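Enquirer: what follows is a predicted protein model with its sequence.
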Amino acid sequence: LHKFHCHSESEKNKILMYHLAATRHLRKILREFLLKF
């Protein structure tokens, strides 16, 4: 159970990091898109 909990935490962190990276990436694309017009 404890091992599963640790794995769950690790997965949660991975998802969080991916979400942050995706948000940053989308923000960059949006800024470049707005600068074109």
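Expert: That came through fine.
Enquirer: all strands of this protein, in order?
Expert: Remark: strands of the chain are absent; assignment by DSSP state E.
Enquirer: where does pLDDT dip in it?
Expert: 1-7 (pLDDT under 70).
Enquirer: please redo it, this time with the cut-off set to 90
Expert: 1-12, 36-37 (pLDDT under 90).
Enquirer: which parts of it are helices?
Expert: 2-36 (DSSP state H).
Enquirer: state the distance from the residue positioned nearest the centre of the chain to H25.
Expert: Geometric centre of the chain, nearest residue: H19, 1.7 Å, by CA atoms, centre = their mean. Computed with CB to CB, to the nearest Å, the distance linking H19 and H25 is 11 Å. Just so you know, the C-beta spots here come from the backbone N, C-alpha and C atoms, and that holds for glycine as well.
Enquirer: near R31, how many other residues are there?
Expert: By other CB atoms under 10 Å, the residues close to R31 number 9.
Enquirer: burial check on Y18, number of neighbours?
Expert: For Y18, using other CB under 10 Å, the count is 10.
Enquirer: E9 and Y18, how far apart?
Expert: For E9 relative to Y18 (CB to CB), the value is 15 Å.
Enquirer: what's the answer for R31, then?
Expert: 20 Å.
Enquirer: next: K36.
Expert: From K36 to Y18 the distance is 27 Å (CB to CB).
Enquirer: equivalent analysis for S8, please.
Expert: 16 Å.
Enquirer: just F37 next, same as before
Expert: Distance of F37 to Y18, computed by CB to CB: 30 Å.
Enquirer: check S10 too.
Expert: For S10, the distance to Y18 - CB to CB - is 13 Å.
Enquirer: okay, now N13: neighbour count?
Expert: 10.
Enquirer: now do the contacts for it.
Expert: With contact set as CB atoms under 8 Å, 6 or more residues apart in numbering, N13 has no partners.
Enquirer: residue numbering should commence at 35 henceforth.
Expert: I'll keep to 35 as the first residue from here, and by that count the last item is N47.
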